[in-house]
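Chemist: Sequence first, then the predicted structure:
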Amino acid sequence: MSPLGPYSRPGEKDDFSLNAYASVKLQTDRRCFLLKKSDFHFELPKELIAQTPTPERDASRLLVLDKARNETYHTTFSNIVEYIKPGDCLIINDTKVIPARLLGKSAKTGANVEIFLLKQLKDDIWETLVKPGKRLKQGDSAVFGDILTARAESVTEDGKRVVRFFYQGIFEAILDKLGEMPLPPYIKRKLEDKSRYQTVYAKNAGSVAAPTAGFHFTRKILDDIRQKGANIAEITLHVGLGTFRPVKTENIFDHHMHEEWYEISRLNADIINGRSGRAIAVGTTSCRAIESAADELGRVRPGVGTTDIFIYPGYEFKITDGLTTNFHLPESTLIMLVSAFAGRENALSAYEDAIKRRYRFFSFGDAMLIL
């Protein structure tokens, strides 16, 4: 795979494509009219939004929710190995976040221009967001120092810019030098260590947002999980901004997810399918990938695909037996997925408990394990 993701191989076609959004509709259309965005609302004090990561990755707090007993336990993430059993399979998303935010100048006027990389279409052509858009109309260029130039080739119907980059050298190295990590807007503090917006196992570049549930894992925890007799499977789902797009419609079924690219190798599909214990997804991205790749028999199909799966209460999980995840925004598609897996009442009750106990929320916050 190209170091910058799936869109750099001209002419490549998916091994399979799945309109997962439609498949969820077939399973839940009898209940969707009952689900409103406000059903997933909760009040979150602003001071609980984590602005910085914990000094050590595994020092975050961990809320464990036992679905069957409807009981919660409170511990630290370093103790997560205690809840993993021999034969279990932990499924991690090895995507790597690219420094997608570029700050430059208009070649015409010298005014400030920000280009946010969304996805690589082919070679040096990217789909981007530009701020302010009026400073980079079709045919206009922006410069970034003296080593990178971006020219707007076209403007899409929704206002995105298709940009061609010109440079000398290796684009990935230039991006590492000039680009900034695309932190979520609710994080107001500058991130001093870029590596803390990556998982320790990140290797396949292509995401513009991090699979944050993986932030808490250290190499020692992963080694301890293996030594306990559990397996670890690696999948790749490149996280796009669409995953975090707010739900604006009161009827949640009117919300449509943007497509995201994923890949599951045959080796890792075999690891997941051959497990004797539970499939525990690390994060909503891993969960969405394996559920999108599931066949009618409840097995993961290897291959390359795109998914726009939208999981909310009523969805029947085909692969996922456990889920570790961070604490998410009210009324977001992510809290809807957690509610689908844990049960809406269970999930919101656990969130209420977390708020009372002053857990830290969102990307750099604490973690939750649902079994």
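Modeler: Received it, and whenever you're ready, just let me know what you need.
Chemist: hey, let's count contacts and neighbours off CA atoms from now on
Modeler: Noted.
Chemist: any idea which helix or strand comes after the host helix or strand of Leu348?
Modeler: If you go by DSSP states H and E, Leu348 is part of helix 344-356. Note on helix 344-356: by DSSP H and E, the next helix or strand toward the C-terminus is strand 367-370.
Chemist: Relative to that next one, what are the paired strands and their orientations?
Modeler: strand 61-66 (parallel), strand 322-326 (antiparallel) (DSSP bridges).
Chemist: Among those strands, single out whichever gets nearest to Arg360.
Modeler: Smallest distance to Arg360 across these (C-alpha to C-alpha): 8.3 Å, for strand 61-66.
Chemist: Quick one: mean pLDDT for the closest one?
Modeler: Per-residue pLDDT over strand 61-66 has a mean of 98.
Chemist: Which positions in that strand come out as buried?
Modeler: Within strand 61-66, the residues that qualify as buried are Arg61, Leu62, Leu63, Val64, Leu65, Asp66, counting by 16 or more other C-alpha atoms under 10 Å.
Chemist: would CSV of those with distance to Val338 be doable?
Modeler: Listed next are the buried residues of strand 61-66 as CSV, based on distance: C-alpha to C-alpha, whole Å:
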residue, distance to Val338
Arg61, 18
Leu62, 15
Leu63, 13
Val64, 13
Leu65, 11
Asp66, 13
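Chemist: what's the helix holding Leu348 packed up against?
Modeler: For helix 344-356, the packing partners by 3 or more C-alpha pairs under 8 Å, 6 or more residues apart in numbering; DSSP states H and E come out as helix 333-342.
Chemist: Pull the distance from the helix it packs on to the chain's centre.
Modeler: Its chain's average C-alpha position is 14 Å from that of helix 333-342, according to C-alpha atoms, centre = their mean, to the nearest Å.
Chemist: okay, the angle between that helix and strand 322-326?
Modeler: Orientation check (axes from the mean of the first three to the mean of the last three C-alpha atoms, to 10 degrees): helix 333-342 against strand 322-326 gives 150 degrees.
Chemist: just how off-centre is the helix holding Leu348 within its chain?
Modeler: Taking C-alpha atoms, centre = their mean, the mean C-alpha location of helix 344-356 is offset from the chain mean by 22 Å.
Chemist: and what of stretch 106-115?
Modeler: On C-alpha atoms, centre = their mean, the centre of stretch 106-115 falls 30 Å from the chain's centre.
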